[in-house]
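K.L.:
Sequence and predicted structure below; questions after.
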2 protein chains.
Amino acid sequence: MAEADFIERLRAIATHPGARGLNDDVAVLGDLVLTHDMIVEGVHFLANDPPAQIAWKLVAVNLSDLAAKGADPVAALMGYALTGDEDWDAAFADGLEEALAHFRLPLLGGDTVSMPAGAPRTLGLTAIGRASGIIPSRGGAMEGDAVFVTGVIGDAGLGLRIAQGELAGADVLLAAYRCPQPMLEAGRVLAPVVSAMMDVSDGLLIDAARMAKASGVGIAIDLDAVPLSAEALTLVGDDRKARLAAATAGDDYALLFTSSKPLPPIDCQATRIGSVTRGGALALYDSQGKIPLPDRLGWLHGQSVTFS
Amino acid sequence: MAEADFIERLRAIATHPGARGLNDDVAVLGDLVLTHDMIVEGVHFLANDPPAQIAWKLVAVNLSDLAAKGADPVAALMGYALTGDEDWDAAFADGLEEALAHFRLPLLGGDTVSMPAGAPRTLGLTAIGRASGIIPSRGGAMEGDAVFVTGVIGDAGLGLRIAQGELAGADVLLAAYRCPQPMLEAGRVLAPVVSAMMDVSDGLLIDAARMAKASGVGIAIDLDAVPLSAEALTLVGDDRKARLAAATAGDDYALLFTSSKPLPPIDCQATRIGSVTRGGALALYDSQGKIPLPDRLGWLHGQSVTFS
């Protein structure tokens, strides 16, 4: 049973409407929005990433799911695998405290376990949020809607390459990888006007493809319109290869959303990057015309994924 | 930072009243009761335990926390670490479906991650329950209350030894280890009449010591009164050594509670095993008088723990 088959099997089990068919970033229970994400050493973070920033990432990646549903953070439970390095644990706890304070997220409980020697650090967080109105799904995009993304795309992917020693670049890129910023305020303001919304965690293209599939529509993305940071442009230039790398890199934690309504002011940049079309899944173009989809649209749990 | 220090550090962070000082089995959010437990291969289960029964255990150990608070199961989120063995994953999914159906627990979401090669299987579950009245804590035991335990103690510890090939014994003992039964109905009925309640997961003595500490009282346990099963008595006899082994073995998932009120009828045996006293933490006696506490009162996350 490959991962996709296993998730399909879980989907057959998760028939409660609050599970949203396991097709959304979150589960819904009344006005509560629930998410549980794990991060694993060697998969979602590097063994030499600073522990305080891993704590930040654990909190932020879960809150990004709440942000995409316009929900306010209410509480968290943590599963923490001790691996015997007491300094590491202490630094993690410092970072956790800082992240929880920053997001005003109370830690309510959880579990610590001692792992067998040599096991990779494995951390889980359940974040609970509360929505004050509509809880947008991935599945509501309508033909004719515009497609938007918040912030910039691709900085975190470059930050990962910097952390791995493959590149040297601006600190802001490394920070985008290690300390992603969940777009909570933007998500809250946007939720009432979007037709679909999700966070970009595995790569803009793969996540856009998922939104298209969940909504039963096509999404056409103008690669030239995808917002790259000045630091990214300085480091890797502005050709198609650089833009495709950004759009498939993952870890952005931007919000991807569709809307046909005027957008309210939000606390970050929102850029129109395309349109919702009639079926046909994902399509990509730039000023020179249609672009063949790359083999790899993004990352899924550390594995290369091809969308089909 | 040792595990105890790390938990102390988390306790300083978890100041929200719903965290209950990280001293309870659960967190409380309005009428919701939340728990998150992880189980790890080689720590909480054996590599050769049947995957369907590991799925059962993952569900059951979390529901046991809800049972101890008198809460009804409402929903679960799962964190699942794939390790590349597709047959194992498929058998786990079958067991998960069976356990969720048995407990009428909807799976609402979660996360799957691919672990690095050779990593131990690491599974997390967040269970959400709803309480209909008082949510008993560990900390309410009052001097003069009687101390009770549901079911029998020590079967699971013998079952572990059977699973490890150290002993041969009745199937019911192995089943107690592999398929613990959360006492949901008993917990629901008992919640209004107990002063304190918790589940026995790490060992009767260590868990009773925790209840005594949380309540600021002493608990005196009559070792002769601790209920052992007929199968356990047949296998290991009824001497003090066998009773101490049972009372420190863990994995029982019985309910330990204190009360000064008449008990309502419940769907299982409840046995009075001692009394709440004025301070002095845990004390142990039998028909021959006071018994020195053993060095090891129970198990904590696979490690031997001495209560102090």
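P.N.:
That came through fine. Just so we're clear, the structure is a prediction, and the values are computed from it rather than from any experiment.
K.L.:
so A:Leu173 touches A:Val152, yeah?
P.N.:
No. Under the criterion of CB atoms under 8 Å, A:Leu173 is not in contact with A:Val152, lying 10.2 Å apart. Placement of C-beta: from N, CA and C, glycine included.
K.L.:
okay, and the common contacts of the two?
P.N.:
With contacts defined as CB atoms under 8 Å, 6 or more residues apart in numbering or on different chains, the residues shared by A:Leu173 and A:Val152 are A:Ser229, A:Ala232.
K.L.:
of the two, who's got more company?
P.N.:
Neighbours were tallied for A:Leu173 and for A:Val152 using other CB atoms under 10 Å in any protein chain shown; the higher tally belongs to A:Leu173 (27 against 23).
K.L.:
For that one, which residues are in contact?
P.N.:
Remark: with contacts taken as CB under 8 Å, 6+ apart, A:Leu173 is in contact with A:Asp155, A:Ala156, A:Leu158, A:Gly159, A:Ile162, A:Ser229, A:Glu231, A:Ala232, A:Leu235.
K.L.:
Roughly how far does the last one sit from A:Ala12?
P.N.:
Per CB to CB, to the nearest Å, A:Leu235 is found 45 Å from A:Ala12.
K.L.:
Between the two, point out the one with more neighbours.
P.N.:
The neighbour comparison of A:Leu235 against A:Ala12 (other CB under 10 Å) goes to A:Leu235, with 19 against 10.
K.L.:
Doesn't the more buried one belong to a helix?
P.N.:
Yes. Counting by DSSP: H, G, I helix; E, B strand; the rest coil, A:Leu235 falls inside a helix.
K.L.:
In terms of pLDDT, where does it sit?
P.N.:
Predicted confidence (pLDDT) at A:Leu235: the value is 96.
K.L.:
How about A:Gly302?
P.N.:
In this model, A:Gly302 carries a pLDDT of 46.
K.L.:
Could you list the contact residues of the stretch 101-250 of chain A toward chain B?
P.N.:
Among all residues of the stretch 101-250 of chain A, those adjacent to chain B (criterion: CB under 8 Å from any CB of the partner chain) are A:106-116, A:118-120, A:122, A:124, A:126, A:128.
K.L.:
From these, keep the buried residues only.
P.N.:
Of all these considered here, the ones buried according to neighbour count by 16 or more other CB atoms under 10 Å in any protein chain shown are A:106-115, A:119-120, A:122, A:124, A:126, A:128.
K.L.:
among the residues you listed, which are in strands?
P.N.:
Within those, membership in strands is found for A:Leu107, A:Leu108, A:Gly109, A:Gly110, A:Asp111, A:Thr112, A:Val113, A:Ser114, A:Thr122, A:Gly124, A:Thr126, A:Ile128, as judged by DSSP state E.
K.L.:
Beta-bridge partners for the last one, please?
P.N.:
To tie it back to what came earlier, the one meant is A:Ile128. A:Leu34, A:Ala75 (DSSP bridges).
K.L.:
Helices of the stretch 1-150 of chain A, residue ranges please.
P.N.:
Ranges of helices within the stretch 1-150 of chain A are A:3-13, A:51-67, A:86-102, based on DSSP state H, counting those that start in this stretch.
K.L.:
Any idea which of those gets closest to B:Asp267?
P.N.:
Closest approach to B:Asp267 among these (CB to CB): helix A:3-13, 27.1 Å.
K.L.:
what comes up buried for the closest one?
P.N.:
Of the residues in helix A:3-13, those scored as buried under the neighbour-count criterion (16+ other CB under 10 Å) are A:Glu3, A:Phe6, A:Ile7, A:Arg9, A:Leu10, A:Ile13.
K.L.:
ok, and what's touching it?
P.N.:
Here helix A:3-13 makes contact (CB under 8 Å, 6+ apart) with A:1, A:21-22, A:300-301, A:303, B:78, B:80, B:82, B:86, B:89-90, B:93, B:96-97, B:100, B:107, B:110, B:112, B:114.
K.L.:
shaky segments in the stretch 51-200 of chain A?
P.N.:
Counting by pLDDT under 70, the stretch 51-200 of chain A shows no low-confidence range.
K.L.:
swap the cut-off to 90 and go again
P.N.:
Segments of the stretch 51-200 of chain A classed as low confidence (criterion: pLDDT under 90) are A:82-84, A:113-118.
K.L.:
before we move on, the earlier item: specify which member of the contacts of A:Leu173 is nearest to chain B.
P.N.:
Nearest to chain B, judged by CB to the nearest CB, of the contacts of A:Leu173 is A:Ala156 at 18.1 Å.
K.L.:
got the contact list for the closest residue to the closest one other than its chain neighbours?
P.N.:
Setting aside the residues directly before and after it, A:Ala156 is nearest to A:Asp251 in space (CB to CB, 6 or more residues apart in numbering or on different chains), at 3.7 Å. With CB under 8 Å, 6+ apart as the criterion, the residues that contact A:Asp251 are A:Ala156, A:Gly157, A:Gly159, A:Leu160, A:Ala176, A:Tyr177, A:Pro180, A:Ser201.
K.L.:
Go again with 10 Å.
P.N.:
For A:Asp251, the contacting residues are A:44, A:57, A:61, A:154-157, A:159-160, A:176-178, A:180, A:200-203, A:298-299, taking CB atoms under 10 Å, 6 or more residues apart in numbering or on different chains as the criterion.
K.L.:
any idea how far it is from chain B?
P.N.:
From A:Asp251 across to chain B, the span is 15 Å (CB to the nearest CB, to the nearest Å).
K.L.:
With A:Ala196 instead?
P.N.:
Using CB to the nearest CB, we find A:Ala196 at a distance of 18 Å from chain B.
K.L.:
What is the neighbour count of that residue?
P.N.:
If you count neighbours by other CB under 10 Å, A:Ala196 ends up with 26.
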